[in-house]
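A.B. asks: from the sequence below, what's the structure:
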Amino acid sequence: MPTLELSMIVKNGEASIARCIESVLGIADHITIGDTGSTDNTLHIARSLGASIVSVPWNDDFAAARNAVLAHATCDWIIFLDADEMLDQTSAREIKS
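C.D. replies: Numbering: from 1, shown residues only. Below is the predicted model:
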């Protein structure tokens, strides 16, 4: 069966990252967070939900940061969300099936 990974780039997303990660816990086989310099509890929250953390230098280039995180991907399929987004449960069921 194909595997699915959540990949994200974040910085100081503690207010919403738990909700985002929790929205994919039933379908994601792996979660990789590319941190661009968080100084809040973002990384602690992400780790507590099973995420792997990759340090990504911020060079004012979203594409470069995203590609740096994607270079660490290990699954067959990748879903990319921002920390303030979440996957709705209808979509999660469709993806899983």
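
A.B. asks: and the closest residue to G26 other than its chain neighbours, its phi and psi?
C.D. replies: Among residues not flanking G26 along the chain, A92 sits closest, at 6.2 Å (C-beta to C-beta, 6 or more residues apart in numbering). Every C-beta, even on glycine, is put in place using the N, C-alpha and C of the backbone. Here is the backbone geometry of A92 (degrees, to the nearest 10): phi -60, psi -40.

A.B. asks: make residue 1 into 594 and carry on from there
C.D. replies: With 594 as the first residue, the last one maps to A685.

A.B. asks: right, and A685 touches L618 too?
C.D. replies: No: the pair A685 / L618 is not scored as a contact, 9.3 Å apart, by C-beta atoms under 8 Å.

A.B. asks: looking at the two, which has the bigger crowd around it?
C.D. replies: Between A685 and L618, counted using other C-beta atoms under 10 Å, the more crowded position is A685 (18 against 13).

A.B. asks: now do the contacts for the more buried one.
C.D. replies: S616, V617, G619, I620 (C-beta atoms under 8 Å, 6 or more residues apart in numbering).

A.B. asks: separate out the buried members of those residues.
C.D. replies: Using 16 or more other C-beta atoms under 10 Å as the burial test, the contacts of A685 include S616, V617, I620 as buried.

A.B. asks: touching, the last one and L597? I think so.
C.D. replies: Yes: using C-beta under 8 Å, I620 is in contact with L597, at 5.8 Å.

A.B. asks: sorry, back to before: so which of the buried ones among the contacts of A685 belong to helices?
C.D. replies: Nothing among the buried ones among the contacts of A685 maps onto helices, per DSSP state H.

A.B. asks: would JSON lines of those residues with distance to V603 be doable?
C.D. replies: Shown next, in JSON lines, are those (distance: C-beta to C-beta, whole Å):
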{"residue": "S616", "distance to V603": "15"}
{"residue": "V617", "distance to V603": "14"}
{"residue": "I620", "distance to V603": "20"}
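
A.B. asks: quick one on the thing from earlier: and the contacts of A685, which is the shakiest by pLDDT?
C.D. replies: Looking at pLDDT alone, these dip lowest at G619, where the score is 89.
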